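Trainee: just coords:
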């Protein structure tokens, strides 16, 4: 079955309660997201899900040379970065989009839906 | 009927069916499109020699299927393709009695995960059978760029697993609305074509939009909005013969030669509007935007002379449309009708609050209202704005003449 990554984006500079305006909002979003995660598991869509530390805690590693080169910060400079993600299995994009809409409501953020590379497209790559 | 006429006719009536059937069978738009194109090329080669087959549609589907299988053998990816085809030809989606691959094809091409531009291009290519150069010309885009737009859309459909299916009942109204939007955009681009070097009215595009809307209606026969959109297109297209003057100027509705309007299109459009009025009166769902727009157009096409137009009826219909679609463009069109009932000063006051500074019709409407109020110098500025923004050659020509007829500064 096709797999999709559902990414949630948030401001690079996080406030006291992350992207949420207040502690109450944050707790409510956590609770709603928990309910959504349980639903993904119960209905068989769930593969993995988690939140990430702020993008400012990231380190970029380039290991292509003799010595690895380390750079502080995220790979791309941007005002918004990925803050968490789900990986789901769904029969088609319509189902993935419907789940993404529910997840977006639960976590109070926009969600990017991106398909994983399937067996078919890897075969096509190798066939060229 | 000559052989070349038979091929043209088969292309019009069978292209979408061949592509749709093959897409389900092989689970891949690319394969289906290429095989359909090859089948039609074969018809062009062999029909003049062997004669037109008794059932052209079946011949084309069989030929295209053979071409697709040949191609997959050549690519020796047969196994995985067939597996995919089996998966995709699974249980049919329930939608009453309607089960047509063409409907699946239309919903896939108009999927909301694709950009609006890609939906239009893909629909014209896969459902309408227009070639990439034709679509590129229609939208003033370089052929290579248009080809890439279509290729990218097909790749997304494949990689993201956009389902080849009719949406579920709960999604259907919204998804059907996306399809109707695509068809309406194609029609509008035909009816008020943009671009300095195109014809001001592109009957090829209006005709294609009407044909595809008829197809959707045949597949979803009970939907009021599909009927409304078809009626709207017919009543608008009926006025096409009177829309551009011999000197290439757009002719406004009140100055058109109503004897030149196409009566048979008007009759068909009126009959559709009446059927919707009866359905709504019988307790059906309230009319959506296309039905209301069709009704507004029916009021216009019902009037023998421009002065017979029932403007208060038009305003009443716009009042309902504003509740369905509170966009500033609808408010602008409502103001045009209000001007006829309550006078240009009332209409002008309505216009002043609309955030439509970048829209040519906003300035053109302001210009006309200011002219009627005798405010020539303000009208001139509004005409300037409208002409600068107008993308249609006949409209520019009309506006330029109207501007030149304004009272000269200091003369009044």
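Mentor: Right, received. Where do you want to start? Computed from a prediction, not measured in an experiment: that's the story for all the values here. Numbering: from 1, shown residues only, chains lettered A, B, ... in the order given.

Trainee: so who does the closest residue to chain A within the stretch 51-200 of chain B touch?
Mentor: Closest approach between the stretch 51-200 of chain B and chain A, counting by CB to the nearest CB: residue B:163, at 3.9 Å. Bear in mind the C-beta positions are built from the backbone N, C-alpha and C, glycine included. Residues near residue B:163 by CB atoms under 8 Å, 6 or more residues apart in numbering or on different chains: A:91-94, B:108.

Trainee: switch the cut-off to 6 Å
Mentor: A:92, A:94 (CB atoms under 6 Å, 6 or more residues apart in numbering or on different chains).

Trainee: Quickly find the element holding it.
Mentor: If you go by DSSP states H and E, residue B:163 is not part of any helix or strand.

Trainee: List the buried residues for stretch B:194-213?
Mentor: The neighbour-count check on stretch B:194-213 (16 or more other CB atoms under 10 Å in any protein chain shown) flags B:194-195, B:198-202, B:205-206, B:208-210, B:212-213 as buried.

Trainee: nope, stretch A:43-52 is what I was after
Mentor: Under 16+ other CB under 10 Å, the buried positions of stretch A:43-52 are A:45-46, A:49.

Trainee: C-terminal to the lowest-mean-pLDDT helix or strand in chain B, what's the next element?
Mentor: Ranking every helix and strand in chain B by mean pLDDT, DSSP states H and E puts helix B:78-88 at the bottom, with a mean of 51. Next helix or strand after helix B:78-88 toward the C-terminus (DSSP H and E): helix B:101-109.

Trainee: what packs against that following helix?
Mentor: helix B:3-26 (3 or more CB pairs under 6 Å, 6 or more residues apart in numbering or on different chains; DSSP states H and E).

Trainee: got the contact list for the helix it packs on?
Mentor: Residues from elsewhere that reach helix B:3-26 (CB under 6 Å, 6+ apart): B:29, B:32, B:35-36, B:43, B:47-48, B:52, B:56-57, B:60-61, B:64, B:68, B:85, B:89, B:101-102, B:105, B:126-127, B:129.

Trainee: Redo the buried residues of stretch B:194-213 as CSV? Include secondary structure.
Mentor: Formatted as CSV, the buried residues of stretch B:194-213 follow (DSSP: H, G, I helix; E, B strand; the rest coil):
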residue, secondary structure
B:194, coil
B:195, strand
B:198, coil
B:199, coil
B:200, coil
B:201, coil
B:202, coil
B:205, helix
B:206, helix
B:208, helix
B:209, helix
B:210, helix
B:212, helix
B:213, helix
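
Trainee: Can you give me the neighbour number for residue B:219?
Mentor: 18 (other CB atoms under 10 Å in any protein chain shown).

Trainee: what number of residues lie near the closest residue to it other than its chain neighbours?
Mentor: Once flanking residues are discounted, residue B:219 sits nearest to residue B:103: 4.5 Å by CB to CB, 6 or more residues apart in numbering or on different chains. Residue B:103 has 24 neighbours, counted by other CB under 10 Å.

Trainee: what does residue A:53 give?
Mentor: 9.

Trainee: measure it to chain B for me?
Mentor: To chain B, residue A:53 is 29 Å away according to CB to the nearest CB, to the nearest Å.

Trainee: quick one: contacts for residue 68?
Mentor: Let's take chain A. The neighbours of residue A:68, taking CB under 6 Å, 6+ apart as the test, are residue A:61.

Trainee: that answer is for a different chain, and I need it for chain B
Mentor: So, once contact is read as CB under 6 Å, 6+ apart, residue B:68 ends up touching B:22, B:26, B:31, B:35.

Trainee: Which residues of chain B lie near chain A?
Mentor: Residues of chain B lying near chain A by CB under 6 Å from any CB of the partner chain: B:80, B:159-163.

Trainee: For the residue of the stretch 51-200 of chain B closest to chain A, what are phi and psi?
Mentor: Here is the backbone geometry of residue B:163 (degrees, to the nearest 10): phi -70, psi 150.

Trainee: ok, it to residue B:182 distance?
Mentor: For residue B:163, the distance to residue B:182 equals 18 Å [CB to CB, to the nearest Å].

Trainee: Pull out the buried residues from stretch B:126-142.
Mentor: B:126-130, B:132, B:134-139, B:141.

Trainee: Let me see the ranges of the strands in chain B.
Mentor: With DSSP state E, there are no strands along chain B.

Trainee: In chain A, what residue comes closest to chain B?
Mentor: For chain A, CB to the nearest CB, closest residue to chain B: residue A:92, 3.9 Å.

Trainee: per-residue pLDDT, that residue?
Mentor: Predicted confidence (pLDDT) for residue A:92: 96.

Trainee: and the gap between the closest residue to it other than its chain neighbours and residue B:21?
Mentor: Counting by CB to CB, 6+ apart, residue B:163 is the residue found nearest to residue A:92 once chain neighbours are left out, at 3.9 Å. Going from residue B:163 to residue B:21 by CB to CB gives 17 Å.

Trainee: Get me the contact residues on chain A for chain B.
Mentor: Checking chain A against chain B by CB under 6 Å from any CB, the hits are A:2, A:92-94, A:115, A:123.

Trainee: can you tell me which of those are in strands?
Mentor: residue A:115.

Trainee: Most widely separated two among the residues of chain A next to chain B?
Mentor: Using CB to CB, the pair of the residues of chain A next to chain B lying farthest apart is A:94 and A:123, separated by 24.4 Å.

Trainee: Of the two, which one has the most company?
Mentor: residue A:94 (21 against 13).

Trainee: quick one: contacts for the more buried one?
Mentor: So residue A:94 contacts residue B:163 (CB under 6 Å, 6+ apart).

Trainee: Tell me, how many residues neighbour the closest residue to residue B:263 other than its chain neighbours?
Mentor: Spatial nearest neighbour of residue B:263, excluding adjacent residues (CB to CB, 6+ apart): residue B:238 at 7.7 Å. Residue B:238: 22 surrounding residues under other CB under 10 Å.

Trainee: who touches residue B:238 in this structure?
Mentor: B:261-262, B:265-266.

Trainee: Spatially, which two of those residues are the most separated?
Mentor: B:261 and B:265 (8.0 Å).

Trainee: I'd like the buried residues of stretch B:194-213 laid out as TSV, including pLDDT.
Mentor: Formatted as TSV, the buried residues of stretch B:194-213 follow (pLDDT from 0 to 100):
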residue	pLDDT
B:194	73
B:195	70
B:198	71
B:199	78
B:200	83
B:201	83
B:202	82
B:205	84
B:206	92
B:208	88
B:209	92
B:210	95
B:212	91
B:213	95
